[in-house]
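1. Next come a sequence and a model predicted from it.
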Number of protein chains: 2
Amino acid sequence: MKLDEAKKQFIQNWGVLGTQWGINRTMAQIHALLLVSPEALSADEIMQELQISRGNTNMNVRELMDWGIVEKVLKPGERKEFFFADKDIWNVAMRIIRERKRREVEPILEGMYQLKVIEGDPKDPEIKTFLEVVNDIQKFADQASRVVDNMVKMDEHWFTGTLLKIFK
Amino acid sequence: MKLDEAKKQFIQNWGVLGTQWGINRTMAQIHALLLVSPEALSADEIMQELQISRGNTNMNVRELMDWGIVEKVLKPGERKEFFFADKDIWNVAMRIIRERKRREVEPILEGMYQLKVIEGDPKDPEIKTFLEVVNDIQKFADQASRVVDNMVKMDEHWFTGTLLKIFK
DNA sequence: TTAAACTTTCAGAAAAGTTTGAAAGTTCAG
DNA sequence: CTGAACTTTCAAACTTTTCTGAAAGTTTAA
């Protein structure tokens, strides 16, 4: 297979995966394109390569920078801005996990605290089931949250070495 | 807060969370409704409660059963089918993680093996970067996959006890 | 200043995803 | 069998999300 073809396929696959996990297809594709580019690319190069508009390119590159997985690079003597993706996959994964937790999971779970104060007899099966489920979700989310927070602090080596051994 | 209001809010929140993670809003809402119902509900009750059509109800209930987190219950003397959600949150989470990995992540990663055989000089920066990124993603996904597989086999207690201690 | 080179915004258009509801299919008691 | 009670299917309508491109804004070199 030729490099160009392989790149195209990689970008397509990454786009599909993104879509299925609630991430905009273009954002995932731009990320994939930058991941496999040794050099930083300009907005024009991204537009060209993915056949998308300038506006779309701009919006999604900005979002990728918000997520902290792509950065703006200025080349001396050039007016244009160039974009470069962090190539350390462990780092990228940890950032994505942390951001999604912070943006999407935490607000919902916070809202859940309000649901724990409801009127009525806690022995009523309706109320009992409700309180148990809400509590269990919170407990689970809390534990998962703590594991994520600590994983983010660790480096890939620790993950590969220690954690994989624990899980046999 | 009244139970009914709390339920409504819980169902809404769950729907939003689902949407953000690429899960159909209605599917998440039906799941939420069943989670907080002590008894199994009929299609009619679900339609009524969420104000959705029969077809929509049917499709999404079926999908929830495919995921293994809702089951069909037949009540003696009743013609209707009733639906009941597994209330064990650990169990539910593990099933969701396992299914999403199997359905969405694994096919993409399998496709990635093909991308590793590309023509050209492996010292060319273009080719070098591409191969490194594809390899790193595979390595990472492979490790994560193994951790998930083993977590699925464990019970909640192990997670709460041992893993949380490891992560201080 | 000025104007060329570039980036950003956003209203409307297009695409993607979801829902409906009527019709077809199934099951089962009588 | 029959038909009532129920479930399933799917094309078309609708909703939501994403994308475009022209216009406005910004930066910089001269």
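-> Structure received.

2. Tell me where the model's unsure across chain A.
-> A:164, A:167-168 (pLDDT under 70).

3. Domains in it, by residue range?
-> Chain A breaks down by automatic domain parsing into domains covering A:3-85, A:89-166.

4. how about the longest one, does it get close to DNA strand D?
-> Yes. Contact of domain A:3-85 with DNA strand D is found when judged by Cβ under 7 Å from any atom of the strand, involving A:24-27, A:51-56, A:59-60, A:79. Where you see a C-beta, it was placed from the backbone N, CA and C, and this is true even at glycine.

5. Please see if that domain touches DNA strand C.
-> Yes. In this structure, domain A:3-85 sits against DNA strand C according to Cβ under 7 Å from any atom of the strand; the contacting residues are A:19, A:42-44, A:54-55, A:58-59, A:61-62, A:78-81.

6. Checking A:Q12 next. Helix, strand or coil?
-> The assignment at A:Q12 comes out as helix when based on DSSP: H, G, I helix; E, B strand; the rest coil.

7. so what's it up against?
-> Shown in contact with A:Q12 (Cβ atoms under 8 Å, 6 or more residues apart in numbering or on different chains): A:Q29.

8. Report the secondary structure element holding the closest residue to DNA strand D within chain A.
-> Scanning chain A for proximity to DNA strand D using Cβ to the nearest atom of the strand identifies A:G55 as nearest, at 1.9 Å. Here A:G55 is covered by helix A:54-66, with elements defined by DSSP states H and E.

9. right, and the helix or strand after that helix?
-> In the C-terminal direction, the helix or strand that comes right after helix A:54-66 (DSSP H and E) is strand A:70-74.

10. What residues sit buried inside that following strand?
-> With burial defined by 16 or more other Cβ atoms under 10 Å in any protein chain shown, the residues of strand A:70-74 counted as buried are A:V70.

11. what residue of chain A is the furthest out?
-> Distance from the C-alpha centroid of chain A peaks at A:D121, with 41.9 Å (Cα atoms, centre = their mean).

12. how close does the residue nearest the centre of chain A get to DNA strand C?
-> The residue lying closest to the centre of chain A (Cα atoms, centre = their mean) is A:I96, at 2.8 Å. Distance of A:I96 to DNA strand C, given as Cβ to the nearest atom of the strand, to the nearest Å: 20 Å.

13. Now for that residue: which residues touch it?
-> The contact partners of A:I96, taken as Cβ under 8 Å, 6+ apart, are A:W67, A:I69.

14. From B:A32, how far out is it?
-> Going from A:I96 to B:A32 by Cβ to Cβ, to the nearest Å gives 25 Å.

15. Pull the number of nearby residues for the nearest residue to A:Q9 once chain neighbours are set aside.
-> Excluding the flanking residues, the one nearest A:Q9 by Cβ to Cβ, 6 or more residues apart in numbering or on different chains is B:L115, at 6.2 Å. Other residues within reach of B:L115 by the criterion other Cβ atoms under 10 Å in any protein chain shown amount to 23.

16. What are the boundaries of the helices in chain A?
-> Taking DSSP state H to define them, one finds helices in chain A at A:3-20, A:25-35, A:43-50, A:54-66, A:89-100, A:106-114, A:125-153, A:156-158, A:164-166.

17. Out of those, the one nearest B:D149 is which?
-> Closest to B:D149 of these is helix A:164-166 (Cβ to Cβ; 11.5 Å).

18. Among the helices of chain A, show me which one is buried the most.
-> Most buried of the helices of chain A, by mean neighbour count (mean count of other Cβ atoms under 10 Å in any protein chain shown): helix A:25-35, with a mean of 23.

19. what's in contact with that helix?
-> Here helix A:25-35 makes contact (Cβ under 8 Å, 6+ apart) with A:7, A:10-19, A:40-41, A:46, A:49-50, A:52, A:56-57, A:60-61, A:63-64, A:69-70, A:83-85, A:87, B:133.

20. With A:I166 as the reference, measure out to A:L41.
-> Separation of A:L41 from A:I166 (Cβ to Cβ): 40 Å.

21. and what of A:R54?
-> 49 Å.

22. hmm, back to that, any idea how far the residue of chain A closest to DNA strand D is from chain B?
-> Counting by Cβ to the nearest Cβ, to the nearest Å, the gap from A:G55 to chain B is 23 Å.

23. correct me, but A:K2 touches B:L115?
-> No. Taking contacts as Cβ atoms under 8 Å, A:K2 lies outside contact range of B:L115: 11.1 Å.

24. show me the contacts for the closest residue to A:R98 other than its chain neighbours.
-> Nearest non-adjacent residue to A:R98, counting by Cβ to Cβ, 6+ apart: A:V152, 5.4 Å away. For A:V152, the residues meeting the contact criterion (Cβ under 8 Å, 6+ apart) are A:M94, A:I97, A:R98.
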